[in-house]
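J.: kindly generate the corresponding structure for this input.
(one chain, ligands or ions: 3)
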Amino acid sequence: MPVSMCVCRLYFSKQSEKCIRCYACRNACPLCYCEVCCVDESQPQWFGKSVALSDTQVFHLMRTYHTAGRCVDCGACVRACPMDIDLRFMNKKIDKDVRELFSYEAGMDPEAPLPLNTFKTDDEDEFIKG
Ligand code: SF4
Ligand code: SF4
Ligand code: SF4
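T.: Ligands and ions are numbered 1, 2, ... in the order given. Sure thing, here's the model as predicted:
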């Protein structure tokens with residue numbers, strides 16, 4: 001495994017260990033405007049709600065994917081966090097992937113379809129119909 005990936009995983013673990021699941025980051029994020037966030041759902045319960053490291057990391061990974069290609073790096077999540085957690089490196093990595101794979105940059109064209117929210121019903125990949 002490349003050294004940079006190990007460092008990222010270590011940083012992610014260290015930051016996640018501090019998380020108290022207060023959701024201030026989500027509440028401050030301009031992209032998190034869902035009527036009911038999936039972490040608050042109980043039927044079905046999509047996510048474990050404890051502060052166990054695995055549950056916490058799944059929460060952060062999920063939120064990173066939900067903001068993929070949309071995060072504008074405003075830093076509101078970091079400013080709101082009482083534990084000084086900054087996980088924007090994950091958003092930046094996903095943003096880079098989205099830029100390279102879909103030639104899409106968040107915030108540049110409000111009319112452009114969001115690459116990870118867009119699909120064709122006649123897509124040849126079966127998973128899209130699941
Ligand atoms: S930096 Fe990105 S994830 Fe954080 S609050 Fe701003 S838009 Fe949301
Ligand atoms: S974390 Fe995902 S489900 Fe929850 S409010 Fe943000 S975008 Fe919506
Ligand atoms: S604001 Fe900080 S402590 Fe609260 S859920 Fe987000 S990362 Fe965890």
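
J.: what's in contact with stretch 84-96?
T.: Applying CB atoms under 8 Å, 6 or more residues apart in numbering, the external contacts of stretch 84-96 come out as 8, 11-12, 15-16, 18-19, 25, 60-61, 64-65, 67-69, 71, 73, 75, 77-78, 105-106. Just so you know, the C-beta spots here come from the backbone N, C-alpha and C atoms, and that holds for glycine as well.

J.: try it again at 6 Å.
T.: Contacts of stretch 84-96 from elsewhere in the structure, counted by CB atoms under 6 Å, 6 or more residues apart in numbering, are Q15, K18, C19, H60, T64, T67, A68, C71, V78.

J.: contacts only, for V78.
T.: By CB under 6 Å, 6+ apart, the contact list for V78 reads D86.

J.: near ligand 1, anything from the helix or strand it falls within?
T.: Secondary structure from DSSP states H and E places V78 in helix 76-80. Yes: Helix 76-80 is in contact with ligand 1 by CB under 6 Å from any ligand atom, via A76, C77.

J.: on that earlier part again, which of the contacts of stretch 84-96 fall in helices?
T.: Among these, the ones falling in helices (DSSP state H) are Q15, K18, H60, T64, V78.

J.: which residues touch L101?
T.: Per CB under 6 Å, 6+ apart, neighbours of L101: none.

J.: and stretch 87-104, how far out from the chain middle?
T.: 11 Å (CA atoms, centre = their mean, to the nearest Å).

J.: then stretch 6-25 to PDB, C-alphas only?
T.: The C-alpha trace of stretch 6-25 is given here as PDB (Å, rounded to 0.1, in the frame of the first residue of the first chain):
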ATOM      1  CA  CYS A   6      -1.500   4.700   4.900                       C
ATOM      2  CA  VAL A   7      -1.100   8.200   6.200                       C
ATOM      3  CA  CYS A   8      -4.600   9.100   5.000                       C
ATOM      4  CA  ARG A   9      -6.100   6.000   6.700                       C
ATOM      5  CA  LEU A  10      -4.200   6.800   9.900                       C
ATOM      6  CA  TYR A  11      -5.400  10.400   9.800                       C
ATOM      7  CA  PHE A  12      -9.000   9.300   9.100                       C
ATOM      8  CA  SER A  13      -8.900   6.900  12.100                       C
ATOM      9  CA  LYS A  14      -7.400   9.500  14.400                       C
ATOM     10  CA  GLN A  15     -10.000  12.100  13.400                       C
ATOM     11  CA  SER A  16     -12.900   9.600  13.600                       C
ATOM     12  CA  GLU A  17     -11.800   8.500  17.100                       C
ATOM     13  CA  LYS A  18     -12.500  12.000  18.300                       C
ATOM     14  CA  CYS A  19     -16.000  12.200  16.800                       C
ATOM     15  CA  ILE A  20     -18.900  12.400  19.200                       C
ATOM     16  CA  ARG A  21     -21.600  12.000  16.500                       C
ATOM     17  CA  CYS A  22     -23.100  15.400  17.300                       C
ATOM     18  CA  TYR A  23     -23.800  16.000  13.600                       C
ATOM     19  CA  ALA A  24     -22.900  19.700  13.800                       C
ATOM     20  CA  CYS A  25     -20.900  19.200  10.600                       C
END
